[in-house]
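> no FASTA, just this:
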């Protein structure tokens, strides 16, 4: 058992709102935050708030934020004690955690073994089965198109073709027939190899009427694991989450407990340390669930859990990485109220969600006792075209789900953004829809119901510029 270590300084190896979030958490913990920045982020809010800044390369993520050697060199150059990878980029790359250990740096995340087993989706399924967690019908790695066709024929279409190294909604595609699978397999494998450095694929049954529910875990190095309740992330477009809620209102108390028990069981199987999220697909027709994946990092949607539990997940990450015990038990975790998060992206909905880079000329976020805005944006900020288009997360909490929806709508009405197109009006359309208010949705609902109605009343404008990172 490794003894605890003092963390005096942390290299924040990320950008955008999560970099700002980590910087502020470090300050609250009395830790010096040092931010790694690409050429495009030298004037970012995270850079302004940090104790120091270290330049790691050009604007392109592949030449900066995605280079393990650059991150390690930056941490050593600035005499950091630890590296926090945030989410995305290198956060689920075992080679970064391994390189940190090799150079005496603390990796703010789980062990190398947990990352390897969790980030490899097939290995994660095996771990889930070993823990007694239902995984649902699907394959291990398929050796090629012929094997994929055989599995899909056995499962019956539609199926999901998924990248072994994918995650966060990326690296998966719905397949409705053998001809489509034959046409898509090679390109999907090639895209996975380009995006994740791993072109291996597997096949799962596609559940038509499902909800996407996840459970937040925290674990320490002394074998203690607790869950912080569940979140519903079913409002999605192309497997990318747009709205998240805590708790998941659709669950019965019995199913909620089974999900929590399954998540903790998998955490124990992986000897999990730090913050992690176990994702499940809830079959509404069968009132049952199956394992999707485990994300061995902090999630974009972690604030909704913080709002209903009072637990600061990022500060907990820092303490757990230093070897401190959890400091509370499962019985100490209480869920109070209902929280909703809206991801505000700089995207043109009318132009098929093409990113909308440019200069923000007006930035007036909402405020209030039950309103939180996690963002790196400000008036005069240039939204770059190189990275993910997320510019803010609007989080509200209410006494119940209905009150939270009303609070979110008021906050959206107050949120003034000019200079770039955003998804704010899409969130209004979601939150005012009777289906959403009645919690009568599934993972297909947004694309099947809301988006067609919006597109039919929106005239696309010309000239939107796409980004390279979705």
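All right, it came through fine. No experiment lies behind these values; they were computed from the predicted model shown. Residues are numbered from 1 along each chain as shown.
> ends of stretch 63-80, how far apart?
21 Å (C-alpha to C-alpha, to the nearest Å).
> starting at the chain centroid, how far to it?
In this view, stretch 63-80 has its centroid 23 Å away from the chain centroid, taken as C-alpha atoms, centre = their mean, to the nearest Å.
> any idea of the mean pLDDT in it?
What stretch 63-80 shows for mean pLDDT is 97.
> So what's the gap between the lengthiest strand in the chain and the chain middle?
Criterion DSSP state E: the longest strand present in the chain is strand 225-237. Distance of strand 225-237 from the chain centroid (C-alpha atoms, centre = their mean) equals 10 Å.
> Now do the strand or helix carrying residue 342 against strand 225-237, angle only.
Residue 342 belongs to strand 338-345 when assigned by DSSP states H and E. On the basis of axes from the mean of the first three to the mean of the last three C-alpha atoms, to 10 degrees, strand 338-345 is oriented at 50 degrees to strand 225-237.
> Can you list the strands that strand 338-345 pairs with?
strand 240-246 (antiparallel), strand 390-398 (antiparallel) (DSSP bridges).
> how close does the closest residue to residue 186 other than its chain neighbours sit to residue 201?
Nearest residue to residue 186, sequence neighbours excluded (C-beta to C-beta, 6 or more residues apart in numbering): residue 145, at 7.3 Å. Placement of C-beta: from N, CA and C, glycine included. Going from residue 145 to residue 201 by C-beta to C-beta, to the nearest Å gives 10 Å.
> higher neighbour count, the two?
Counted by other C-beta atoms under 10 Å, residue 145 and residue 201 do not tie: residue 201 has more neighbours, with 28 against 15.
> so what's that one bridging to?
residue 142, residue 163.
> Who are the contact partners of it?
Residue 201 makes contact with 141, 142, 148, 161, 162, 163, 164, 185, 188, 189, 192, according to C-beta atoms under 8 Å, 6 or more residues apart in numbering.
> Who are the packing partners of the longest helix seen in the chain?
If you go by DSSP state H, the chain has its longest helix at helix 178-196. Using 3 or more C-beta pairs under 8 Å, 6 or more residues apart in numbering; DSSP states H and E, the elements in contact with helix 178-196 are helix 145-155, strand 159-167, strand 170-175, strand 201-205.
> Identify the residues contacting the residue nearest to residue 186.
181, 182, 185, 186.
> Buried residues, the longest helix of the chain. List them.
Of the residues in helix 178-196, 180, 181, 184, 185, 188, 189, 191, 192, 195, 196 count as buried by neighbour count, 16 or more other C-beta atoms under 10 Å.
> Now these in TSV, please, with extra columns for distance to residue 102 and pLDDT.
Below are the buried residues of helix 178-196 laid out as TSV (distance: C-beta to C-beta, whole Å; pLDDT from 0 to 100):
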residue	distance to residue 102	pLDDT
180	44	95
181	41	94
184	39	91
185	37	94
188	34	91
189	31	91
191	31	86
192	27	86
195	26	76
196	22	77
